[in-house]
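**Student:** Sequence first, then the predicted structure, then my questions.
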Amino acid sequence: MAEKKKVEQITSMDVDFAQWYTDVVRKAELTDYTSVKGCMVIKPYGYAIWELIQRQLDDRFKEAGVENVYLPMFIPESLLQKEKDHVEGFAPEVAWVTKGGLSELPEKICVRPTSETLFCDFYSKEVESYRDLPKVYNQWCSVVRWEKETRPFLRSREFLWQEGHTVHATAEDAEARTVQMLNIYADFCEEVLAMPVIKGRKTEKEKFAGAEATYTIEALMHDGKGLQSGTSHNFGDGFAKAFGIQYQDKDNKLQYVHQTSWGVSTRLIGGIIMVHGDDNGLVLPPKVAPVQVMLVPIQQAKEGVLDKTNELLAELKKDFRVKADTTDKSPGYKFAEQEMRGIPLRVEIGPRDIAAGQAVICRRDNGEKETVAFTELSKRIAELLDDIQKSLYEKAKAHRDANTRVAKNWDEFTDIINNKQGFIKAMWCGDQDCEIDIKEETGATTRCMPFEQENLGDVCVHCGKPAKKMVYFGRAY
RNA sequence: CGGCGUGUGGCUCAGCUUGGUAGAGCGCUUCGUUCGGGACGAAGAGGCCGCAGGUUCGAAUCCUGUCACGCCGACCA
């Protein structure tokens, strides 16, 4: 039998998707568990992905006029409680500090689950005149939410994210900023993460605690479940009234500001894994791959092989994130290892190649191999990385489209949920009780009311009352 | 918070039913041979069996308690 010896094979995604995910995270060395439940070590390779996300997203923020700041991780209880809906939404998952050193604190302090209240407190002092507006601040930080069930990247008790918080003079300005940031997220996901997303608005039930409107980008994972990948909230003047954030306008009248907030987290890494990964492990889009090209010398003890590898490494380093694997492992081991880590391209350099003045390039996404002359290597690698980036997006989009179905009536809806998974497009009456019934009966939630509405009929898919909106439904992470 | 499950070298696990000086594979170290899809040989290092009580001459093993982690639900990025 030509059966290869498989050392510690990962679980197939078709057998058990959740186990597959856990295996990939562990074997690709993205994270490790710690002695605090739900808190993970993000290992160098995983953190490098986050740094690439951070850098490229931050660049887009800066282009959009965003300034970075840093606020404390502690919020006094009294401050958290100023906005009623907000505190009710977050209270069940807040971690509290009750002691400082050996003495009880006079007032409990919470570890930020999100920083709206701190920003509001800050803005109430910072904003006086219409000339002070707008303020477009963002912070990169971690937040803590005491979740019951945790999974690496998808739901941890402490996670890394960015949270933007803005104040504006008018409702129109706030709305424009909310949508602008959602568009930045969507473009980023599609162009950098190769992850297609649906843009839309959350229902009243699903919106952020304290928000007037929540916009979202929703992605479909390989197993047919949805992932809320980023949100942008318009707060109107609700927080401003709770926190007394006012400015004097040109007519010398006091006005409340209008606010927004928006965020994406390390959950995006979970999205990358579940959108692009396969049974050989992680598959990284070149734009977020810490190593885009791995050089693998074959018979590296032979005269000239290592020299050529190092020569190519030095040359390619100018244009790509490239490394050479010169460990003593066998080539087959290295191949499998690099596939597990999702490295987009592998370049094999052996005695035969060197004699012929060429190398073998192998793509992670489809396994295709080709031989390329050393002189053409850099050019070809650039082309291939570009092509992989595009192919991954196309493949993910094709998968999402193939798993997005229209349900015209309740029979169709339940059939899809029970037998096919994926997104369901259906008409909805807009009634929250109906939304709750749908969830209880099927486990499906409203993912969003997409900006791009289609008319699929006149009546609600569940209750038959007149339909108000076309909604994406699905089971979600 | 409910259900299920698991805690034994770095990892995956066996041993537990029927108590008697702690095992395997992988990984790791050193040396040598290898190298085009997870190579091989030789010699080594490494564990008070999650924790605390109890039973016993004797506990990884039996009893009680406790903690932790994982998965599935409900809640949530």
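**Tutor:** Looks like it arrived, so ask away.

**Student:** Let me know how buried the closest residue to residue A:468 other than its chain neighbours is, in neighbour terms.
**Tutor:** The shortest distance from residue A:468 to any non-neighbouring residue, by C-beta to C-beta, 6 or more residues apart in numbering, is to residue A:430 (3.8 Å). In this view, the C-beta of every residue, glycine as well, is placed from N, C-alpha and C. By other C-beta atoms under 10 Å, 17 other residues sit near residue A:430.

**Student:** Next one: residue A:430 relative to residue A:124, how far apart?
**Tutor:** In this view, residue A:430 and residue A:124 are 35 Å apart by C-beta to C-beta, to the nearest Å.

**Student:** got it, and residue A:90?
**Tutor:** Taking C-beta to C-beta, one finds residue A:90 at 20 Å from residue A:124.

**Student:** likewise residue A:130?
**Tutor:** 16 Å.

**Student:** Check the secondary structure at the closest residue to residue A:451 other than its chain neighbours for me.
**Tutor:** Excluding the flanking residues, the one nearest residue A:451 by C-beta to C-beta, 6+ apart is residue A:199, at 5.3 Å. At residue A:199, secondary structure determined by DSSP: H, G, I helix; E, B strand; the rest coil is strand.

**Student:** now residue A:141
**Tutor:** Going by three-state DSSP: residue A:141 is strand.

**Student:** which other helices and strands contact the helix ranked longest in chain A?
**Tutor:** As assigned by DSSP state H, the longest helix anywhere in chain A is helix A:377-402. Contacts defined by 3 or more C-beta pairs under 8 Å, 6 or more residues apart in numbering; DSSP states H and E place helix A:377-402 against strand A:213-220, helix A:267-276, helix A:305-316, strand A:345-349, strand A:358-363.

**Student:** To residue A:143, which of the ones you listed lies closest?
**Tutor:** Proximity to residue A:143 (C-beta to C-beta) singles out helix A:267-276 among these, at 12.0 Å.

**Student:** Spell out which residues of the stretch 101-250 of chain A are next to RNA strand B.
**Tutor:** Within the stretch 101-250 of chain A, the positions adjacent to RNA strand B are A:145, A:147-151, A:153-157, A:159, A:208, A:228, A:231 by C-beta under 7 Å from any atom of the strand.

**Student:** thinking again about what came up before, now the angle between helix A:305-316 and the longest helix of chain A, please.
**Tutor:** Helix A:377-402 and helix A:305-316 are oriented at 70 degrees to each other (axes from the mean of the first three to the mean of the last three C-alpha atoms, to 10 degrees).

**Student:** nearest spatial neighbour of residue A:200, skipping sequence neighbours?
**Tutor:** residue A:448 (3.1 Å).

**Student:** returning to that earlier point: and the longest helix of chain A with strand A:213-220, angle?
**Tutor:** 110 degrees.

**Student:** which other residues reach the helix or strand following helix A:377-402?
**Tutor:** Using DSSP states H and E, the helix or strand that follows helix A:377-402 towards the C-terminus is strand A:404-406. The set of residues external to strand A:404-406 that reach it, using C-beta atoms under 8 Å, 6 or more residues apart in numbering, is A:220, A:412, A:416, A:420, A:422, A:423, A:424, A:425, A:426, A:456, A:472.

**Student:** how about the residue nearest to residue A:278 when sequence neighbours are not counted, what does it touch?
**Tutor:** Distances taken as C-beta to C-beta, 6+ apart place residue A:13 nearest to residue A:278, at 7.2 Å, with adjacent residues excluded. Contact analysis of residue A:13 by C-beta under 8 Å, 6+ apart lists A:20, A:222, A:223, A:277, A:278, A:279.

**Student:** and the fifth one, how many neighbours?
**Tutor:** So the one you mean is residue A:278. 17.

**Student:** try the last one
**Tutor:** Here the count is done by other C-beta under 10 Å, and residue A:279 has 15 residues near it.

**Student:** Can you name the residues that contact it?
**Tutor:** Residue A:279 touches A:10, A:12, A:13, A:20, counting by C-beta under 8 Å, 6+ apart.

**Student:** Am I right that the second one is in a strand?
**Tutor:** Pointing back at residue A:12 there. No. Judged by three-state DSSP, residue A:12 forms no part of a strand; its state is coil.

**Student:** hmm, back to that, so which of the contacts of strand A:404-406 is the closest to residue A:465?
**Tutor:** The closest of the contacts of strand A:404-406, once distances to residue A:465 are taken by C-beta to C-beta, is residue A:426, at 13.3 Å.

**Student:** shouldn't the closest one be in contact with residue A:407?
**Tutor:** Yes. Residue A:426 is within contact range of residue A:407, at 4.4 Å (criterion: C-beta atoms under 8 Å).

**Student:** residue furthest from the geometric center of chain A?
**Tutor:** The C-alpha centroid of chain A is most remote from residue A:303, which lies 46.1 Å away (C-alpha atoms, centre = their mean).

**Student:** how much space between it and RNA strand B?
**Tutor:** Residue A:303 is 11 Å from RNA strand B, where distance means C-beta to the nearest atom of the strand, to the nearest Å.

**Student:** Could you check the pLDDT of that residue?
**Tutor:** Note on residue A:303: pLDDT of 88.

**Student:** Return the distance of stretch A:290-299 from the chain's centre.
**Tutor:** Remark: stretch A:290-299 is offset 28 Å from the chain centroid, using C-alpha atoms, centre = their mean, to the nearest Å.

**Student:** now do the same end-to-end measure for it.
**Tutor:** 26 Å (C-alpha to C-alpha, to the nearest Å).

**Student:** Report pLDDT for the residue nearest to residue A:36 when sequence neighbours are not counted.
**Tutor:** Excluding its sequence neighbours, the residue lying closest to residue A:36 (C-beta to C-beta, 6+ apart) is residue A:157, at 7.4 Å. pLDDT for residue A:157: 88.

**Student:** you'd agree residue A:235 is up against residue A:258?
**Tutor:** Yes. In this structure, residue A:235 is within contact of residue A:258 by C-beta under 8 Å, at 7.2 Å.
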